[in-house]
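**Q** Sequence and predicted model, in that order:
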Amino acid sequence: MYTQRFNRKHKKDGPLFRGRFKSIVIQADGYLIQVVKYVHLNPIKAKKVTDIDKYKWSSHPLYLEGGSKFEHFDINNTLVSFSRNKKKAIERYAEFMNLGLNEDVRKFYTCKKQSSILGDADFIKEIKTRHVKDDEVYRIEISEKRSILGERKIELINT
């Protein structure tokens, strides 16, 4: 119903959200803040805005303000990556957002066949070892036994 109304109003056709949702395992150290930057810069890349500080649908301004009125939205886990002192963390976050995007993250998100794991080689190897099961184990679909299923696709990451 919503899709039909939206399409009529905006003279569009087809589904609003293309593709399937895909979760990604991200190595917290270094990569998580890069993904936060990537997400915050997407409206600029999509030419929705020229100044991310003024984009009303972004959480970026909340990071600059140092808090959120929504208790389920915790920016502190990200800000602590910059400093344990909140004021310094906010300053460093703002500086960080003005730097270029990490090349590994840019490549990860522009790759046609996106991986399910983002991190360094050791992290990827550890995740594969601990969680990726051999396809033979899953000939019978038992969801409770699944960890990360990749039908061996994950094995091909970074090879």
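**A** On my side now, so go ahead.

**Q** after the longest helix seen in the chain comes which helix or strand?
**A** With DSSP state H applied, the helix covering the greatest number of residues in the chain is identified as helix 28-45. Sequence-wise, the next helix or strand beyond helix 28-45 is helix 60-65, with elements assigned using DSSP states H and E.

**Q** Give me the nearest residue to the most centrally placed residue in the chain, chain neighbours excluded.
**A** In the chain, the C-alpha closest to the average C-alpha coordinate belongs to Val35, at a distance of 5.0 Å (C-alpha atoms, centre = their mean). In space, and not counting its chain neighbours, Val35 is closest to Ile26: 5.8 Å by C-beta to C-beta, 6 or more residues apart in numbering. Placement of C-beta: from N, CA and C, glycine included.

**Q** for Pro15, same thing?
**A** Thr3 (6.6 Å).

**Q** And that neighbour, how close does it get to Tyr109?
**A** With distances defined as C-beta to C-beta, to the nearest Å, the gap from Thr3 to Tyr109 amounts to 26 Å.

**Q** Compare these two (neighbour count), which wins?
**A** The residue with the greater number of neighbours, taking Thr3 and Tyr109 and applying other C-beta atoms under 10 Å, is Tyr109; the counts read 15 against 12.

**Q** element containing the more buried one?
**A** Secondary structure from DSSP H and E places Tyr109 in helix 103-110.

**Q** Kindly calculate the angle that that helix makes with helix 28-45.
**A** Orientation note: helix 103-110 sits at an angle of 60 degrees relative to helix 28-45 (axes from the mean of the first three to the mean of the last three C-alpha atoms, to 10 degrees).

**Q** Return the set of buried residues in helix 103-110.
**A** Within helix 103-110, the residues that count as buried by 16 or more other C-beta atoms under 10 Å are Val105, Phe108.

**Q** Output the contacting helices and strands for the helix or strand following it.
**A** Tracing the chain C-terminally past helix 103-110 and defining elements by DSSP H and E, one meets strand 117-118 next. Where contact means 3 or more C-beta pairs under 8 Å, 6 or more residues apart in numbering; DSSP states H and E, strand 117-118 is packed against strand 25-26, helix 103-110, helix 121-131.
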